[in-house]
Every structure is written in C-alpha cells, then in structure tokens.
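Q: attaching a predicted model along with its sequence, questions to come.
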Amino acid sequence: MPGLAAERGWPVRADHCFQRILLDHGCGGRWYDAIAARPAYRRATDAQLDAALALAEAVVAGEADLVALNRQSLAWRRKV
C-alpha cells in the first residue's frame, strides 16, 4: 500500500499508518481498545485480521475510500 500512496493521493504513506487504519476498522474502533497487547497483528483475532485484510484489498481495488477510513480512524482517537 505505501507504494500506491503517492499515485493515489492518499493522506498516509507509512506502513504503521495503514496498519492503524485497517486494524481500527477491523476492530470497530481504536484497535488498542480491542487488542490487549502488542504487536497487534500477533494478538488480534482471526476475525479482526480477516476484516482488516478484506478492507485492505478493497482499498487497493478502489472499492473503499482510504481518505474516509483514515478520517474515521483519527476521529476515534479524537485527532480531528
């Protein structure tokens, strides 16, 4: 996904930002409220990871709006 960021005009470029966005949506809120320990990808449930992966595939396919997903992720953190 970082390789697609510039050409698609996405607001994030770093791996950890994509992970934040996708895991948040896979958990339905801030991932660290749903996953007790780090690293999150090792502690997440199969359902959480499946949801995050499906969303990543949808973003890459142009079927999900990464800008809106990022905005929601930041809103869950009270950053916007």
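A: The structure has been received and is ready for your questions.
Q: contacts, neighbours, all on C-alpha from now
A: Noted.
Q: where's V67, which helix or strand?
A: helix 66-76 (DSSP states H and E).
Q: check which residues of that helix are buried.
A: Within helix 66-76, the residues scored as buried using 16 or more other CA atoms under 10 Å are L66, L69, N70, Q72, S73, L74.
Q: cool, and stretch 49-57?
A: Those would be L49, A51, A52, L53, L55, A56, for stretch 49-57 by 16+ other CA under 10 Å.
Q: what sits up against it?
A: Contacting residues not belonging to stretch 49-57 are listed as L22, L23, H25, G26, Y41, A64 [CA atoms under 8 Å, 6 or more residues apart in numbering].
Q: so which of these sit within helices?
A: L22, L23, H25, G26, Y41 (DSSP state H).
Q: what about stretch 72-80, start to end distance?
A: In stretch 72-80, first residue to last residue: 9 Å (CA to CA, to the nearest Å).
Q: my error: substitute stretch 55-66 in the last question.
A: 9 Å.
Q: who does the strand or helix carrying C17 touch, helix- and strand-wise?
A: C17 is located in helix 15-27, with elements delineated by DSSP H and E. With contacts taken as 3 or more CA pairs under 8 Å, 6 or more residues apart in numbering; DSSP states H and E, helix 15-27 sits against helix 31-34, helix 46-60, helix 66-76.
Q: so how far is the second one off the chain centroid?
A: If I follow you right, that is helix 46-60. Offset of helix 46-60 from its chain centre (CA atoms, centre = their mean, to the nearest Å): 8 Å.
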